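A.B. asks: what shape does this take:
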Amino acid sequence: MRRVLSFVVALSIQHLLCLPQIESFSKDKINGEIKASDKSVSPKSPVVFEGSHTVSFAPYSILSSLKYGDGATSNEFSINLSNREDNSIEQHRFCVLCYPKGGGRGGKTELDGFLSGVLKKQTNVGVYLKYIPPTKDSCVDVTFSLVLKGKQQKGRKFDLEWSSGMRFVSPEYTQLRGGQANDFGTSIMQPQLLPFFLGVDENDAFSDGILDAEVKMTIHQVHSYQSLLDKADDKAGLVPKDIRTLQDGTPQTKRHDTEKVRVGKIIVPVLKSISQRERMFSLGCYPGVEFRIMRIFDEEGNEIFGSQPGADYEIRPIYPLVQQLEREWPVRVKETEIPTMLTQTMYNFVSAVGSLFTAVAGLGTAFAISLAISLYFIPSKSMEPNLKVGDVLLVEKVSSKLTNGSLLKTGDVVLFRPPSRLQDVIVASGAKRIDDRDLFVKRIAAESGDVTKVDTTGSVFINGAKAKGNRGLCDTEPLRLIEKYIDPREEKVPAGDIFVMGDCSDVSVDSRVWGTLSKKEVIGRPLLRLWPPARFGAIPDLPSSN
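C.D. replies: Model (predicted):
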């Protein structure tokens with residue numbers, strides 16, 4: 001009854017404030033109001049627009065009714081900018097997306113990561129700046145801050161601010177690993193803190209609050225996406241070369257390649273000598289880790305979009321690191337402190353070459369190396385405690401291709417592409433489809449011809465006996481969310497298929513959910529764990545049930 005009263009009052013407040021009603025977006029979209037304050041920018045300014053906009057969302061009583069993955073949106077605000085191709089004026093529009101219970105881009109790498117993080121990271125309130133281009137070909141280079149306005153009734157009032165930048169493009173051209181997206185943002189607070197942040201007393205049916213967000217925005221340049229493609233340098237390739245250096249040979253101390261090294265791009269710092277390692281670690285700019293450039297500042301402290309000699313970078317890893325390496329992100333690093341800067345492709349190629357010559361002798365070409373072996377980063381808790389988040393595995397990909405999976409046996413750890421049934425589960429959960437290049441890791445629990453039975457709790461019996469191995473040595477997930485996805489059934493594993501499970505049953509989305517896996521989907525098997533050094537060695541077997 002109290003929630004009904006709260007909802008009625010919320011609608012009254014919404015009417016008084018002239019806030020629009022709920023309409024379709026993803027699952028739900030909630031429009032808000034906008035206040036703008038733009039600064040005029042002279043034609044000679046290094047940026048084409050600089051200003052701020054304040055947007056409002058619907059009352060907390062409505063936001064709190066949304067589920068995980070449901071999004072709310074502000075009203076659009078528009079900026080008129082000159083088209084560089086024909087000098088016509090185009091209206092570039094933006095809005096702010098908010099996921100009160102989490103969702104957004106959370107859980108994109110692997111569904112297990114999405115489920116195991118439901119109670120921790122991925123359910124945080126997410127805020128994203130979204131671009132609505134005038135044409136499919138339009139794109140803009142933007143740095144921005146999203147500021148959630150605090151309305152606390154108790155204690156000190158404070159705002160929450162997050163700053164970054166991105167090349168915003170049409171949805172069709174989104175490629176986050178390439179430094180371009182249609183929306184970009186972060187998880188900013190835990191949902192249970194939102195009522196306190198807005199000054200809402202949840203024990204009072206008439207208490208409500210409006211979420212306001214200020215967008216501080218600088219647009220550095222307007223592009224034609226096709227023109228960028230036409231000018232793109234396709235010669236970067238796999239050969240490791242500092243990406244700051246221009247193709248014409250201009251020294252990087254004079255000028256940088258502002259397309260390869262810019263806000264939104266991913267870089268990999270690399271050492272030139274082992275003596276540089278301690279300094280790099282002290283800065284938080286870890287060699288071999290993939291970092292996204294969030295912002296760049298010139299030597300005078302001005303925010304810029306493309307790199308230049310002497311600039312400072314704000315960077316953060318694109319994936320979680322082992323606990324010993326985590327710190328407050330982003331870190332600020334002067335570009336001159338980075339000995340060598342490579343792209344992901346360059347670094348992965350170099351790593352594969354080095355690892356292959358260590359583990360497999362006799363393969364003579366770099367092409368054979370890239371086909372035969374690769375590195376894999378563990379993104380989720382589904383294989384704990386044997387494989388932990390942040391572990392790096394050396395994976396061989398030859399045997400599965402040459403033998404069509406005939407050598408695979410129970411107990412083997414395998415990496416595989418997500419089958420269509422798993423993709424269906426991902427989409428049904430509210431997440432986006434996973435790229436076929438993203439791999440899952442599981443352990444074979446049953447082979448072709450075995451009879452498997454899955455009960456409602458997720459327990460598995462193979463040929464009448466409980467599945468071998470102890471899969472309960474990881475941290476338990478108290479809400480048992482995985483049980484919502486379990487598909488109880490009894491079936492015979494078809495010829496050419498395998499039944500796979502994670503080592504941590506509480507959080508693993510595996511064959512209990514989406515069925516058996518074709519051996520044709522298996523990409524490889526891990527040979528060694530390379531990182532962290534303290535756990536270097538062979539892949540552990542699943543502990544016995546005892």
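
A.B. asks: number of nearby residues for Val513?
C.D. replies: 19 (other C-beta atoms under 10 Å). All C-beta atoms are positioned from the backbone trio N, CA, C, and that covers glycine.

A.B. asks: same deal with Val125?
C.D. replies: Neighbour tally, Val125, other C-beta under 10 Å: 25.

A.B. asks: list the contacts of it.
C.D. replies: Contacts for Val125 (C-beta atoms under 8 Å, 6 or more residues apart in numbering) come out as 98-102, 187-191, 194.

A.B. asks: nearest to Leu325 among these?
C.D. replies: Ser187 (19.9 Å; C-beta to C-beta).

A.B. asks: list the contacts of the nearest residue to the closest one once chain neighbours are set aside.
C.D. replies: Excluding the flanking residues, the one nearest Ser187 by C-beta to C-beta, 6 or more residues apart in numbering is Asn124, at 3.5 Å. Counting by C-beta under 8 Å, 6+ apart, Asn124 makes contact with 102, 187-191.

A.B. asks: Ile296: which of these is nearest?
C.D. replies: Ile296 has its nearest neighbour among those in Ile188, at 22.5 Å by C-beta to C-beta.

A.B. asks: low-confidence stretches in the stretch 101-250 of the chain?
C.D. replies: 105-122, 233-238 (pLDDT under 70).

A.B. asks: next one: Asp438 from Thr457, what distance?
C.D. replies: Distance from Asp438 to Thr457, counting by C-beta to C-beta, to the nearest Å: 29 Å.

A.B. asks: helices and strands of the protein: which one has the lowest mean pLDDT?
C.D. replies: Least confident helix or strand of the chain, by mean pLDDT, DSSP states H and E, is strand 22-23 with a mean of 30.

A.B. asks: grab the nearest non-local neighbour of Asp201.
C.D. replies: Counting by C-beta to C-beta, 6+ apart, Asp201 lies nearest to Ser207, which is 4.0 Å off, once chain neighbours are set aside.

A.B. asks: what's the domain layout of this protein?
C.D. replies: 2-226, 233-345, 378-535 (automatic domain parsing).

A.B. asks: tell me the gap between the lengthiest strand in the chain and the middle of its chain.
C.D. replies: Secondary structure assigned by DSSP state E gives strand 210-224 as the longest strand of the chain. Computed by C-alpha atoms, centre = their mean, to the nearest Å, the chain-centroid distance of strand 210-224 equals 21 Å.

A.B. asks: show me what it is packed against.
C.D. replies: Packing contacts for strand 210-224, counted by 3 or more C-beta pairs under 8 Å, 6 or more residues apart in numbering; DSSP states H and E, involve strand 49-59, helix 60-63, strand 77-82, strand 89-99, strand 125-132, strand 138-148.

A.B. asks: could these go into a markdown table alongside distance to Ile426?
C.D. replies: Listed next are the helices and strands packed on strand 210-224 as a markdown table, based on distance: least, C-beta to C-beta, whole Å:
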| stretch | distance to Ile426 |
| --- | --- |
| strand 49-59 | 28 |
| helix 60-63 | 25 |
| strand 77-82 | 33 |
| strand 89-99 | 17 |
| strand 125-132 | 18 |
| strand 138-148 | 27 |
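
A.B. asks: buried residues in stretch 445-457, which are they?
C.D. replies: 445-448, 450, 452-454 (16 or more other C-beta atoms under 10 Å).

A.B. asks: separate out the buried members of the contacts of Val125.
C.D. replies: Buried by 16+ other C-beta under 10 Å: 98-102, 187-188, 191, 194, out of the contacts of Val125.

A.B. asks: can you pull out the helices in the stretch 401-546 of the chain?
C.D. replies: Per DSSP state H, counting those that start in this stretch, the stretch 401-546 of the chain has helices spanning 420-428, 511-514. These are given in chain order.

A.B. asks: among these, which is the most enclosed?
C.D. replies: Stretch with highest mean neighbour count among these: helix 511-514 (a mean of 23; mean count of other C-beta atoms under 10 Å).

A.B. asks: give me the contacts around that helix.
C.D. replies: With C-beta under 8 Å, 6+ apart, helix 511-514 has contacts from 419, 421-422, 424-425, 442, 445, 452, 454, 458, 460, 482, 485-487, 499-501, 517.

A.B. asks: low-confidence stretches in the chain?
C.D. replies: For the chain (pLDDT under 70), the answer is 1-46, 84-86, 105-122, 233-238, 353-371, 436, 477-481, 545-546.

A.B. asks: now do the contacts for the residue of the chain positioned farthest from its centre.
C.D. replies: No residue in the chain sits farther from the centre than Gly464, which is 40.9 Å out by C-alpha atoms, centre = their mean. For Gly464, the contacting residues are Val451, by C-beta under 8 Å, 6+ apart.

A.B. asks: could you check how far it is from Asp455?
C.D. replies: Distance of Gly464 to Asp455, given as C-beta to C-beta: 13 Å.
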